[in-house]
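In: A structural model of the following input is requested.
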Amino acid sequence: MTDRDHLGVLRARFDAEGLEPGDLAGDPIVACGVWIGEARAAGLFEPDAVTLATADAAGRPAARAVLLRGVDERGFAFFTNYTSAKGIAIDATGHASLHFLWTAMRRQIRVDGPVRRVDASESDAYFASRPRDRQLAAWASDQSAEVASRGALDAAFAEAAARFAGREVPRPAHWGGYRVVPERIEFWQGRETRLHDRLRYERSAGVWVVSRLAP
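Out: Residues are numbered from 1 along each chain as shown. Now for the predicted structure:
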């Protein structure tokens, strides 16, 4: 079966299934983990990629893709440079939105809520698990800042490699994790008729309340 055939089978399967509240785990965070796991099992490229949308202190929106690095009862974690454009926006407003899209499965998830930095120990542990080149890149790149040339960036990487030669690379103080703590999660299952299924979960007094939305 070709990749195109495989994607066609996936689309037909999920288009036929539809979506009812009973199809999802009662806890929408658990349900998110299930859908992400199904995207991995389907062999989709970068199933953990998610669009992170923020607004800066002036209300100007921006969006970019990041990789999800953990989902549990605490929320959705990713790691980045704290002094990057997204880090500055998050620290200014304390809120963000995540958007997962798996077109081959006709599925989307949107997660909205406050954002908190993860504990330093959690950032340390994740940084230590990264390949050495990526650790060095975190030291070499002043993310979102202007750089004179590619050569200047490569030189900064070489300087970091020389600086930490023969020893472990520590986590930079400006690099670490954030966690989106969901207040609202929406599951979207597409249908060929365009009468898509949309289920929204919202926290109310510590309880998740589900509503069906018009497509």
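In: Can you tell me how far Ala92 is from Val115?
Out: Distance from Ala92 to Val115, counting by Cβ to Cβ, to the nearest Å: 11 Å. (Each C-beta comes from the backbone N, C-alpha and C, glycine too.)
In: ok, those two, which is more surrounded?
Out: Applying other Cβ atoms under 10 Å to Ala92 and Val115 shows that Val115 carries more neighbours, namely 24 against 13.
In: just checking, next helix/strand downstream of whichever helix or strand that one is part of?
Out: Counting by DSSP states H and E, the element that carries Val115 is strand 107-117. Per DSSP H and E, the first helix or strand lying C-terminal to strand 107-117 is helix 120-129.
In: how close does the residue of the chain most remote from its centre get to Ala158?
Out: Computed with Cα atoms, centre = their mean, the maximum C-alpha offset from the centroid of the chain is found at Gly166, amounting to 33.2 Å. Counting by Cβ to Cβ, the gap from Gly166 to Ala158 is 15 Å.
In: And Arg184, by the same measure?
Out: 45 Å.
In: These two: which has the busier surroundings?
Out: More neighbours surround Arg184 than the other of Arg184 and Ala158, with 15 against 12 (other Cβ under 10 Å).
In: Got phi/psi on the more buried one?
Out: phi -150, psi 130 (degrees, to the nearest 10).
In: Contacts only, for it.
Out: Taking Cβ atoms under 8 Å, 6 or more residues apart in numbering, we find Arg184 in contact with Arg110, Val111, Asp112, Gly113, Arg200, Tyr201, Glu202, Arg203.
In: Who does it form a beta bridge with?
Out: When assigned by DSSP bridges, Arg184 has beta-bridge partners Asp112, Glu202.
In: gap between it and Ala205?
Out: 15 Å.
In: swap in Phe78?
Out: 28 Å.
In: Of those two, which one has the most company?
Out: Phe78 (22 against 5).
In: Who does the closest residue to the more buried one other than its chain neighbours form a beta bridge with?
Out: Nearest residue to Phe78 in three dimensions, chain neighbours excluded: Val66, at 4.6 Å (Cβ to Cβ, 6 or more residues apart in numbering). Beta-bridge pairing for Val66 (DSSP bridges): Val50.
In: pretty sure Val66 is touching Leu52, no?
Out: Yes. Using Cβ atoms under 8 Å, Val66 is in contact with Leu52, at 4.9 Å.
In: Compare those two (neighbour count), which wins?
Out: Leu52 (24 against 16).
In: Next one: the more buried one relative to Phe164, how far apart?
Out: 29 Å.
In: those strands in the protein, which residues are they?
Out: Here the chain has its strands, by DSSP state E, at 49-55, 61-67, 70-72, 75-81, 95-102, 107-117, 175-180, 184-189, 197-204, 207-213.
In: Enumerate every residue touching the nearest residue to Pro182 once chain neighbours are set aside.
Out: Using Cβ to Cβ, 6+ apart and skipping residues adjacent in sequence, the residue nearest Pro182 is Gly113, 4.4 Å away. The contact partners of Gly113, by Cβ under 8 Å, 6+ apart, come to Gly75, His95, Ala96, Val180, Val181, Pro182, Glu183, Arg184.
In: Alright, that wraps it up for me.
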